[in-house]
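# sequence first, predicted model second:
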Amino acid sequence: MATSNKKRSVTTATASAPSSAPVKTNRSAVAEFNPDYTYVKKDLAKIGIMAGSFITILVILSFFLR
C-alpha cells in the first residue's frame with residue numbers, strides 16, 4: 001500500500017509597519033472606463049460592404065462564364 005505524505009505547515013511571523021492612514025481605493029477609475037470602439041464599427045462596416053460586393057461580383061461573373 002502507498003504511504004501518504006504529510007507536509008508540515010510552517011508559520012512565519014511578519015512584522016508590518018503601522019500605517020498612519022487607511023489606503024483609499026480608486027473605484028471611480030473602474031466606473032469611468034469607457035473604451036471608444038467607433039473605429040472598429042467603421043472597419044467592420046467596410047469589411048461587410050467589401051464582402052457583399054465581392055459576392056455580388058462573383059454571382060454576376062458566374063452568369064457570364066457559363
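Ah, there it is.

# residue 7 and residue 52: what is the separation?
Note on residue 7: its distance to residue 52, by Cβ to Cβ, to the nearest Å, is 63 Å. Any C-beta I mention is one placed from the backbone N, CA and C, and that applies to glycine too.

# tell me which of the two has more neighbours.
Using other Cβ atoms under 10 Å, the more surrounded residue of residue 7 and residue 52 is residue 52, with 10 against 5.

# the helix or strand where the more buried one lies - what's its average pLDDT?
With secondary structure defined by DSSP states H and E, residue 52 is part of helix 38-64. Helix 38-64 shows an average pLDDT of 98 in the prediction.

# again with stretch 5-18
Mean predicted lDDT for stretch 5-18 stands at 69.

# give me the neighbour count for residue 55.
Residue 55 has 10 neighbours, counted by other Cβ under 10 Å.

# and residue 47, by the same measure?
When neighbours are counted by other Cβ under 10 Å, residue 47 registers 10.

# distance of it from residue 40?
Relative to residue 40, and taking Cβ to Cβ, residue 47 is found at 10 Å.

# residue 64 now?
For residue 64, the distance to residue 40 - Cβ to Cβ - is 37 Å.
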